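Visitor: What follows is a predicted structure for the sequence shown.
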Amino acid sequence: MHWPIQFFRYSNQKNRNLINQMIQDDQIVMSRKRSESIEDILLQGLLTDNRMISFWIQCLYTGKWSTGEVLSSVFDHNASGSNFSSLKMDLRSLIRFALQEQQYLVQTELNTEPIRHYIEQCQSMIKRFEQLAENEENPDVIRRYHSANNSLIEMIMEVRTKQIDYKKGYQLILDNWDELYLWSIPFKLLSDLATMQVRWRDTPKSRWKLSFELRHLIENCPEYVE
C-alpha cells in the first residue's frame, strides 16, 4: 500500500524538527507549497542531480527500459570517449551486479541484433591481448593474457551457436580491468552483452540494487560528452 506523505512516521523528535525546519526554509526561499518542497527534496535524493544517472534510474522505475537496457546504456555511455578511449568511469560495481544477476536468469531467448558488432569487439580485444602479451615479460601476466584470449575465442564460438555463458564476458573485464578500463572497446562489448541477454530480473531487490549502484557513480559519471 502506498501511504500519502502525511502518514510519514519519524524515528525520533530530533529528526522530525530537523526535517520540518529544512522543508520550511525551502518553502520560504523557493516560494512554493510544502508538498512541492517535499516532492523536490525526495526526488533529488532518489535520482541525484546528475542528468545521466537520473535518466537511467527513471527509465528503470518507469518501466521504459529493462535492467539489461539500463546496463547497456551505462556501458555505452562510458565507451563514448574520443579516439577509442573510454570516459574512465569505474563500472566494476555494475559489472559485479550483472554477474550476480545471472543466478536469477533463465536463458530461453537471445536478442540477435548486436551479434555482429559483439563479435567485432571480441576480435579487437583478441588483437589487444596479443599485443600486450608480446610486450610483457612476466610469465604469469602473459598466461593471464592468453587465458583472456581463449575466453574471447570461446565467446565468439558461443554466440555463433547461440549458447552463451554471459558470466564469462563480465568476469573477463573484471580480471583485466587495469589493462582495459581506459579503452572504449570493452565497454562496447559489455553493452552488446547486456542487450543480447533478455528477460532480466525486474523485482524490488533488483531495481533497488541497480539504482543504488547508479547513484554511487555520481563522482565519475560525466553528464555531457564533448
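Guide: That came through fine.

Visitor: who's in contact with the worst-scoring helix or strand of the chain on mean pLDDT?
Guide: Lowest mean confidence among the helices and strands of the chain (mean pLDDT, DSSP states H and E): helix 34-47, at a mean of 80. When contacts are defined by Cβ atoms under 8 Å, 6 or more residues apart in numbering, helix 34-47 is touched by residues 5, 22-24, 26-27, 30, 53-54, 57-58, 211. To be clear about C-beta, it is placed using only N, CA and C from the backbone, and glycine gets the same treatment.

Visitor: can you give me the angle the helix or strand just after that helix makes with helix 34-47?
Guide: Next in sequence after helix 34-47, counting helices and strands by DSSP states H and E, comes helix 51-62. With axes from the mean of the first three to the mean of the last three Cα atoms, to 10 degrees as the basis, helix 51-62 and helix 34-47 are set at 100 degrees to each other.

Visitor: can you map out the helices along this protein?
Guide: 13-30, 34-47, 51-62, 67-78, 92-101, 115-134, 139-161, 166-175, 177-180, 185-196, 204-215 (DSSP state H).

Visitor: for those helices, which one sits closest to Gln107?
Guide: When these are compared by Cβ to Cβ, helix 166-175 sits nearest Gln107, at 7.9 Å.

Visitor: now what about stretch 73-85, what contacts it?
Guide: Here stretch 73-85 has contacts from 52, 56, 59, 65, 86-89, 91, 94, 182-185, 187-188, 190-191, 194, 214, 217, 221, 225-226, using Cβ under 8 Å, 6+ apart.

Visitor: Can you flag the buried ones in those?
Guide: Using 16 or more other Cβ atoms under 10 Å as the burial test, these include 52, 56, 65, 86-87, 89, 91, 94, 183-185, 187-188, 190-191, 194, 214, 217, 221 as buried.

Visitor: Tell me, please, where in the chain the pLDDT is lower than the cut-off.
Guide: In the predicted model, the chain carries pLDDT under 70 at residues 1-8, 108, 223-226.

Visitor: Which of the residues in the least confident helix or strand of the chain are classified as buried?
Guide: So for helix 34-47, counting by 16+ other Cβ under 10 Å, buried means 37-38, 47.

Visitor: related to what we said a few turns ago, and the helices of the chain, which is most packed in?
Guide: Mean neighbours per residue, mean count of other Cβ atoms under 10 Å, is largest over those for helix 185-196, with a mean of 25.

Visitor: angle of that one against helix 92-101?
Guide: Using the same axes, to 10 degrees, the inter-axis angle of helix 185-196 relative to helix 92-101 is 30 degrees.

Visitor: Check which helices and strands helix 185-196 sits against.
Guide: helix 67-78, helix 92-101, helix 115-134, helix 166-175 (3 or more Cβ pairs under 8 Å, 6 or more residues apart in numbering; DSSP states H and E).
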